[in-house]
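Peer 1: Model the structure of this input:
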Amino acid sequence: MNPSRRHWLAGASALAAGARLGGAGLALAAAAPARAATVVLRDDRGAEHRFDATPRRIVSMMPSLTEMVGALGAADRLVGVDRYSNWPAAVQRLPRLGGLDDARLEAIVALQPDVVLASLSARVLDRLDALGLRVLRLRSDGLADVQRSLDTLARLLGDAEAGGRLWRQLEQALAAAAQRVPPGLRGRTVYFELGGGPYAAGSSSFVGELLARLGLSNIVPPALGPFPKLNPEFIVRARPEIVMGLAREQAALAARPGWGALPALRDGRRCGFSSADYELLTRPGPWLGDAADVIARCLEGLAR
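Peer 2: Okay, the predicted model is just below:
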């Protein structure tokens, strides 16, 4: 992970404007110039949005979308964010507008945004459509969704090429992290636990696709969806060789019925991530190069 971002997430000074993303050195894009040309965008709900001017007042209701706006150099256009957005540093001073299930609709309307950025699952925000606000809904399950969201936001912000530039550098970061994975761990089966279980990052999720890019084999098949709720017996039967999740939850894994015999726990092949790194790994945003670096670093440690 980028050292300056880790330092900032720990409560230290804000990330400098020239900070760079992890291993591949992904620089933040320059602020996009205003443009008068009409832009027509179709979001992942299938709704078409027409913008006759570049939005100057943006509300983001998803941390990864907030980070994309920041990485595209337009943090100064954000006027409100969800409760979990914490990068770039400037968003700490913005109004907090709730979350997926308890969005503060009146507060959002009062900010008079040109556009509201949201996920497909934020159904409470459907009411904003009836009030005449434009809600751009973007999917965030897999890596292709992340790439498409970057492209869509880059067009929205007036620099259509910026999304592609960011994505190409993220791809370089992912490739560099993959090269660091010890040969002896390639092909090993892995279980990535979310929030203390029983949810997992499946093969079709952006986390699962990161793991695949690093040469690991997910025990959760694509058919179960990106982030399925699992029966604990499923993990016992799958016998993962590596277990990943929050560090503070790792000590209790062996106490679960039947888990003590799992190859991952028996052989000490666990990746316990700090809260900051876990946050990085579970946000489908512009820090995916750093996320891959975090996983590769853990795998290097397991091979020693």
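
Peer 1: Counting neighbours, which bits of stretch 179-189 end up buried?
Peer 2: Using 16 or more other CB atoms under 10 Å as the test for burial, stretch 179-189 gives V181, L185, R188, T189. All C-beta spots, glycine's among them, are computed from the backbone N, C-alpha and C.

Peer 1: residues contacting the first one?
Peer 2: For V181, the contact set (CB atoms under 8 Å, 6 or more residues apart in numbering) comprises L214, G215, A296, L299, E300.

Peer 1: try 10 Å this time
Peer 2: R188, R213, L214, G215, L216, A292, I295, A296, L299, E300, A303 (CB atoms under 10 Å, 6 or more residues apart in numbering).

Peer 1: ok, so of the residues you listed, who is nearest R45?
Peer 2: Minimum distance to R45 across those is 28.1 Å, recorded for R213 (CB to CB).

Peer 1: Check the spacing between the closest one and D129 real quick.
Peer 2: Separation of R213 from D129 (CB to CB, to the nearest Å) stands at 37 Å.

Peer 1: before we move on, back to that, quick one, which of the contacts of V181 are buried?
Peer 2: R188, R213, L214, G215, L216, A292, I295, A296, L299.

Peer 1: count of neighbours near the nearest residue to L65 once chain neighbours are set aside?
Peer 2: Spatially, and ignoring its direct neighbours in sequence, L65 is nearest to L117 (4.4 Å; CB to CB, 6 or more residues apart in numbering). As a burial measure, L117 scores 30 neighbours (other CB atoms under 10 Å).

Peer 1: that older thread, helices - which of the contacts of V181 land there?
Peer 2: Of the contacts of V181, the ones assigned to helices by DSSP state H are R213, A292, I295, A296, L299, E300.

Peer 1: In this structure the last one contacts P182, no?
Peer 2: Yes: taking CB atoms under 10 Å as the contact criterion, E300 and P182 are neighbours in contact, 6.2 Å apart.

Peer 1: Under the pLDDT cut-off, which ranges of the protein? List them.
Peer 2: Scanning the chain with the threshold set as pLDDT under 70 gives 1-36.

Peer 1: Tell me which stretches of the stretch 101-250 of the chain form strands.
Peer 2: Using DSSP state E, counting those that start in this stretch, the strands of the stretch 101-250 of the chain run over residues 115-119, 135-138, 189-194, 199-200, 217-218, 242-246.

Peer 1: Rebuild those strands as JSON lines, extending it with distance to G260.
Peer 2: Below are the strands of the stretch 101-250 of the chain laid out as JSON lines (distance: least, CB to CB, whole Å):
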{"stretch": "strand 115-119", "distance to G260": "38"}
{"stretch": "strand 135-138", "distance to G260": "42"}
{"stretch": "strand 189-194", "distance to G260": "15"}
{"stretch": "strand 199-200", "distance to G260": "19"}
{"stretch": "strand 217-218", "distance to G260": "22"}
{"stretch": "strand 242-246", "distance to G260": "12"}
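
Peer 1: what is the closest residue to G187 other than its chain neighbours paired to in the beta sheet?
Peer 2: In this structure, G187 finds its nearest non-sequential neighbour in S217, 5.9 Å apart by CB to CB, 6+ apart. S217 has these beta-bridge partners by DSSP bridges: T189.

Peer 1: unless I'm mixing things up, S217 is touching S203, no?
Peer 2: Yes: S217 lies in contact with S203 (CB under 10 Å); the separation is 8.8 Å.

Peer 1: what do those two both touch?
Peer 2: If you check S217 and S203 against CB under 10 Å, 6+ apart, the residues they both contact are L211.

Peer 1: For those two, indicate the residue with more neighbours.
Peer 2: In this view S217 and S203 are compared by other CB under 10 Å, and S203 has more residues nearby, 21 against 15.

Peer 1: my read: the more buried one touches E209, true?
Peer 2: Yes: assessed by CB under 10 Å, S203 is found in contact with E209 at 7.7 Å.
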